[in-house]
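Trainee: need a 3D model of the sequence below.
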Amino acid sequence: MNYSEAIQFLYGLRLFGAKFGLENTFKLAALAGNPQEKLRFIHVAGTNGKGSTCAMLESIYRAAGLRAGLFTSPHLVSFRERIQINRELISENDVVRFLSKLQPLLAEFPEGHHPTFFEVITVMALQFFAERDCDLVIWETGLGGRLDATNIVTPLASVITNIALDHQQWLGDTLAAIAFEKGGIIKPGVPVVTTVEEAEALAVVKKIAADKNAPLQIIASNRPAGMPISSLHGAHQEKNAALAAATVKLLQAQIPVSDGQIRTGLADVHWPGRLQLVQKPDGQKILLDGAHNVAGAKVLREAIERDFPQMRRTLILGVFEDKDWRRICEILAPLAETIFTVPLSSERTADPRQLAEACYEINPAAKISVYQSSGEALGKASSARPDLVVVTGSLYLIGEALESLGLSACVKSERELNEWTAVIK
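Mentor: I've put the predicted structure just below:
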């Protein structure tokens, strides 16, 4: 197997969809020698901010001299982004090597119970981190938490960023139902840290923590006194930074970290596609943000109004059909003088013509155009010379933009590995 064949093997696993449940992952991990038992974890769940909080935690512990594993999803361009140690992507050779080890184990599963893409790469990541003797793994949930494949670990701490409406077709259509799924990462006696504010969701998290005798720490929105905000843009990142710092302090007995190391880690954190500001050689500013749900769109709007006021803005928007794209248009369309809607290179894309119509209803004064690709839209925006170009609506679109702007080191996009066909409860 070479790397190209390994990626094709992973593409094939998408046929098995995405399943809620831990049985397969526990079995596959056991067949692989239970690598999770050799590792320490911080398990992170939540609707938005999971990736940023994980990046902050990783950066802090790396600044403290630890070998820090990082497991996140989705990837923007390269599959290898999902599995990193000290922010170095897993190598192509290691992808091949670990998949070659796992491939024979899949024959141990009966028909109808074949492990999914996410279940396989979860165990693959555990094997990689264990082999490399990681001191700590920052471990992000995929979807939900309670029945997510990542939930086979017992962490040092469970972290829940926030609860908002997203993935309702699988997690439930109320904040309480979604909180029940996210709160499923809470383990007996393991401390929990959260910035959940919504009363309905917080009540569920409190009950789960109490039932499992798990100490619960609720972090206020503002950052601790004297603690600098992270290098990531946006006021909401202060909340994520406070959450990360509180988690690190909670674990001081197991992993000592100084205040100076916390400050260094937060100051040096990097997380692409989340209010990422790019300045081209000609001086044009482009803001990339994967605001893929209503809560994310609201955060993006607040950040633009606060940090980029009185600017002529062009909005490039592409959204998945299964998101609340009408509401996202309502939130973002008023921000721009010019709006370009584009399709995502996915079967799940919303029709850009419908996006354009929704934006026109909200902002009829804007110049609105439909383009066939993000690259074409970026080219047009470059020639129009607005003060700020905002690319948003999906992390999928951000990956496309990073490629178009020459900011991706990946030779060939592997974004389609983010796709899955169904969730089976």
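Trainee: how many other residues sit next to the residue lying closest to Arg62 once chain neighbours are set aside?
Mentor: Distances taken as CB to CB, 6 or more residues apart in numbering put Ala68 closest to Arg62, at 4.9 Å, once the chain neighbours are dropped. Yep, even glycine has a C-beta here, placed from its N, CA and C like the rest. Burial of Ala68 is recorded as 25 neighbouring residues (other CB atoms under 10 Å).
Trainee: and if you look at the one 10 residues further on?
Mentor: For Ser78, the neighbour count with other CB under 10 Å is 21.
Trainee: same check on the one 10 residues further on?
Mentor: Glu88 has 9 neighbours, counted by other CB under 10 Å.
Trainee: list phi and psi for it.
Mentor: Per-residue torsions, Glu88: phi -100, psi 130 (degrees, to the nearest 10).
Trainee: pLDDT at it, what is it?
Mentor: At Glu88, the model reports a pLDDT of 97.
Trainee: what does Leu417 give?
Mentor: 85.
Trainee: am I right that it sits in a helix?
Mentor: Yes: assigned with DSSP: H, G, I helix; E, B strand; the rest coil, Leu417 falls within a helix.
Trainee: I'd like the distance between it and Asn151.
Mentor: Noted for Leu417: a distance of 21 Å to Asn151, by CB to CB, to the nearest Å.
Trainee: pLDDT weak spots in the stretch 151-300 of the chain?
Mentor: 166-170, 221-229 (pLDDT under 70).
Trainee: give me that answer again for 80
Mentor: 165-173, 220-231, 233-236 (pLDDT under 80).
Trainee: mind listing the helices for it?
Mentor: Secondary structure of the stretch 151-300 of the chain (DSSP state H, counting those that start in this stretch): helices at 168-171, 175-182, 199-211, 236-250, 259-268, 294-307.
Trainee: so which of these is the most surrounded?
Mentor: Neighbour counts (mean count of other CB atoms under 10 Å) averaged over each of those peak at helix 236-250, with a mean of 24.
Trainee: can I get that one in CSV? Just the C-alpha atoms.
Mentor: This file holds the C-alpha atoms of helix 236-250, laid out as CSV (Å, rounded to 0.1, in the frame of the first residue of the first chain):
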residue,chain,number,x,y,z
HIS,A,236,-15.4,34.8,21.5
GLN,A,237,-11.8,33.5,21.6
GLU,A,238,-11.4,35.2,25.0
LYS,A,239,-14.0,32.7,26.3
ASN,A,240,-12.1,29.8,24.7
ALA,A,241,-8.8,31.0,26.1
ALA,A,242,-10.3,31.3,29.6
LEU,A,243,-11.7,27.8,29.2
ALA,A,244,-8.3,26.4,28.1
ALA,A,245,-6.4,28.2,30.9
ALA,A,246,-8.9,27.0,33.5
THR,A,247,-8.5,23.4,32.3
VAL,A,248,-4.7,23.6,32.5
LYS,A,249,-4.8,25.1,36.0
LEU,A,250,-7.3,22.4,37.1
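Trainee: the residue nearest to Arg62: what's it in contact with?
Mentor: Neighbour list for Ala68: 58, 61-62, 85-86, 134-138 [criterion: CB atoms under 8 Å, 6 or more residues apart in numbering].
Trainee: so how many other residues sit close to the closest residue to Glu140 other than its chain neighbours?
Mentor: Nearest residue to Glu140 in three dimensions, chain neighbours excluded: Thr72, at 4.5 Å (CB to CB, 6+ apart). A count of nearby residues for Thr72, using other CB under 10 Å, gives 22.
Trainee: and Thr72, how close does it get to Ser52?
Mentor: For Thr72, the distance to Ser52 - CB to CB - is 10 Å.
Trainee: picking that back up, phi, psi of the residue nearest to Arg62?
Mentor: Torsion angles, degrees, to the nearest 10, at Ala68: phi -110, psi 120.
Trainee: what's across from it in the sheet?
Mentor: Listed by DSSP bridges, the beta-bridge partners for Ala68 are Leu136.
Trainee: hmm, Asn240 is touching Thr53, no?
Mentor: Yes: taking CB atoms under 8 Å as the definition, Asn240 is a contact partner of Thr53 at 4.7 Å.
Trainee: what's the overlap in contacts for these two?
Mentor: Taking CB under 8 Å, 6+ apart as the contact criterion, the common neighbours of Asn240 and Thr53 are Thr161.
Trainee: OK, contacts around the residue nearest to Glu140?
Mentor: 50-51, 54-55, 81-82, 140.
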